[in-house]
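J.: below are the sequence and a predicted model; questions follow.
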Amino acid sequence: MSAAAQRAPFSFAPPTGVGGSVSNAASRRRCARGDGLLSAEGRAVINQRMDGSFELFDHTADVGVIARAAELRGLVWPAAMGLYEVIGDVQAGGETNQREFHLAGEDAADMLRDFLAELLFEFEQHKRRLTHLYVEAFDEHRLDAIASLAIVDDQRSTYYREVKAVTYHELSIKQVPGGYEARYILDI
């Protein structure tokens, strides 16, 4: 077993007092007003945590997400938080259920996309959002995770836009200085 495979699994939860949302208030206000997603420099970093970050970028009639983390397994949480940021300020407020995800394939980017598509399905069909995530394994052949999904509190949530799908367009995961970067496009 490789050294990477022997490392402890990743576990993620939103920062205390955030209520399930890990975006910054300025970004929420800018998106809610419809002022767009980009800063004057062309990018708006809207989430930065020690275990990963994500940023949104405009894409022709769509929105893109770039997630970064020190390790491959660390990409899953910021990639998911990017999805919710595009939807809006989605607040958890109800009953929580656990769900296991076991995805197998030949490409890590495809499995990450499939995981995000499952989260979008949970949101659209069951009004549930990710609140905690335990990533047991993520490599080029599998993604195994246990997720806590809570009922969305519509009274406290603000929705910016409908996300129709997590696309394969520009889908990638690559190694970069300091770790890994995932890129995906959301059809809005």
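T.: Structure's in. What do you need?
J.: got the contact list for the top helix by length along the chain?
T.: Of all the segments of type helix in the chain, defined by DSSP state H, the longest one is helix 108-126. Applying C-beta atoms under 8 Å, 6 or more residues apart in numbering, the contact partners of helix 108-126 are 72, 75-76, 79-80, 83-84, 87, 90, 99, 101, 103-105, 128-130, 138-140, 142-143, 145, 147, 149, 152, 163, 165-168, 171-173, 182, 184. No exception for glycine: its C-beta is placed from N, CA and C like everyone else's.
J.: list the helices and strands the longest strand seen in the chain packs on?
T.: In the chain, taking DSSP state E as the definition, the longest strand is strand 92-104. With contacts taken as 3 or more C-beta pairs under 8 Å, 6 or more residues apart in numbering; DSSP states H and E, strand 92-104 sits against helix 108-126, strand 128-138, strand 142-152.
J.: pull out the buried residues from stretch 116-129.
T.: Neighbour counts over stretch 116-129 (16 or more other C-beta atoms under 10 Å) mark 116, 119-120, 122-123, 127-129 as buried.
J.: in JSON lines: these, plus distance to Ser157 and pLDDT.
T.: Formatted as JSON lines, the buried residues of stretch 116-129 follow (distance: C-beta to C-beta, whole Å; pLDDT from 0 to 100):
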{"residue": "Leu116", "distance to Ser157": "19", "pLDDT": "98"}
{"residue": "Leu119", "distance to Ser157": "15", "pLDDT": "98"}
{"residue": "Leu120", "distance to Ser157": "15", "pLDDT": "98"}
{"residue": "Glu122", "distance to Ser157": "15", "pLDDT": "97"}
{"residue": "Phe123", "distance to Ser157": "11", "pLDDT": "97"}
{"residue": "Lys127", "distance to Ser157": "10", "pLDDT": "96"}
{"residue": "Arg128", "distance to Ser157": "12", "pLDDT": "97"}
{"residue": "Arg129", "distance to Ser157": "9", "pLDDT": "97"}
